[in-house]
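Asks: Give the three-dimensional model of this entry:
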Amino acid sequence: MLSALDVNIKQYFRTLTLSFVCLITALVTPQGFATETNKANPTVTLTTDMGNIVIELYPDAAPISVRNFLNYVRSGYYENTLFHRVIPNFMIQAGGFNEQMQRKETDAPIQNEANNGLKNQRGTIAMARTNQVHSATSQFFINVVDNNYLNHSPSSFGYAVFGRVIEGMEIADNISKVSTGYYQGMQNVPVTPIKITKATIKSP
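Replies: Now for the predicted structure:
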């Protein structure tokens, strides 16, 4: 039978070990980017012609962007929209054009949350916009490499990250490598259309 002293010693070493693990995790985790899935966060599955991409959203860091994105998902807006801008070693962009490459009507633009501390690192999803800072609506992009120059900085407001890919990053990589060309004055358009057939939410 363990004495009270033995129990206290075991509890002490258990606490010490846990603290050490937390310290190491903090040291190796890049600032502004979560590396482990938080079960409290909603996820969205994008079903595409090339496979599924599962995205974890960060409502605590980017509440406006996440709410906006989920509203479009719930309405079915993203069904049968295209990845209309694809650039290797950069990003893949979707969420604004139908199968006929016609621009879809959107809700009002939202506030840019690029100053939320999250970085445009490989695998993150961010809101696409025009040169106007607060012009993002339905379009989004997935970074396939670290794009640090898209982050919030003193010289540029940046592009708001609001989640990251937790499954299917290889699908995003494959999409980024397809052949592209010009179409109706737009460049970097996939020669063979790549469609989002469905977007579904899994709430915590």
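
Asks: from here on, contacts and neighbour counts on C-alpha atoms
Replies: OK.

Asks: just checking, Ile64 is part of a helix?
Replies: Yes: under DSSP: H, G, I helix; E, B strand; the rest coil, Ile64 sits within a helix.

Asks: Tell me the confidence at it?
Replies: Note for Ile64: predicted pLDDT of 98.

Asks: before we move on, what about the one 3 residues further on?
Replies: At Arg67, the predicted lDDT confidence score is 98.

Asks: Contact partners for it?
Replies: Counting by CA atoms under 8 Å, 6 or more residues apart in numbering, Arg67 makes contact with Pro59.

Asks: nearest residue to Thr47 other than its sequence neighbours?
Replies: In this structure, Thr47 finds its nearest non-sequential neighbour in Lys198, 5.1 Å apart by CA to CA, 6 or more residues apart in numbering.

Asks: residues contacting that neighbour?
Replies: When contacts are counted by CA under 8 Å, 6+ apart, Lys198 is found next to Thr45, Leu46, Thr47, Thr48, Gly76, Tyr78, Glu79, Asn80.

Asks: mind checking which helix or strand it is in?
Replies: Taking DSSP states H and E as the criterion, Lys198 maps to strand 195-202.

Asks: Could you tell me how far Met101 is located from Ala94?
Replies: With distances defined as CA to CA, to the nearest Å, the gap from Met101 to Ala94 amounts to 11 Å.

Asks: quick one: which of these two has more around it?
Replies: Neighbours were tallied for Met101 and for Ala94 using other CA atoms under 10 Å; the higher tally belongs to Ala94 (22 against 16).

Asks: which ones are touching that one?
Replies: Remark: with contacts taken as CA under 8 Å, 6+ apart, Ala94 is in contact with Thr81, Leu82, Phe83, His84, Arg85, Gln139, Phe140, Phe141.

Asks: Show me what secondary structure element comes after the helix or strand harbouring it.
Replies: For Ala94, the enclosing helix or strand under DSSP H and E is strand 91-98. Counting by DSSP H and E, the next helix or strand C-terminal to strand 91-98 is strand 124-127.

Asks: is it possible to export the contacts of Ala94 to a markdown table including pLDDT, secondary structure and distance to Glu105?
Replies: Putting the contacts of Ala94 into a markdown table (pLDDT from 0 to 100; DSSP: H, G, I helix; E, B strand; the rest coil; distance: CA to CA, whole Å) gives the following:
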| residue | pLDDT | secondary structure | distance to Glu105 |
| --- | --- | --- | --- |
| Thr81 | 98 | strand | 12 |
| Leu82 | 98 | strand | 14 |
| Phe83 | 98 | strand | 17 |
| His84 | 98 | strand | 16 |
| Arg85 | 98 | strand | 18 |
| Gln139 | 98 | coil | 11 |
| Phe140 | 98 | strand | 15 |
| Phe141 | 98 | strand | 18 |
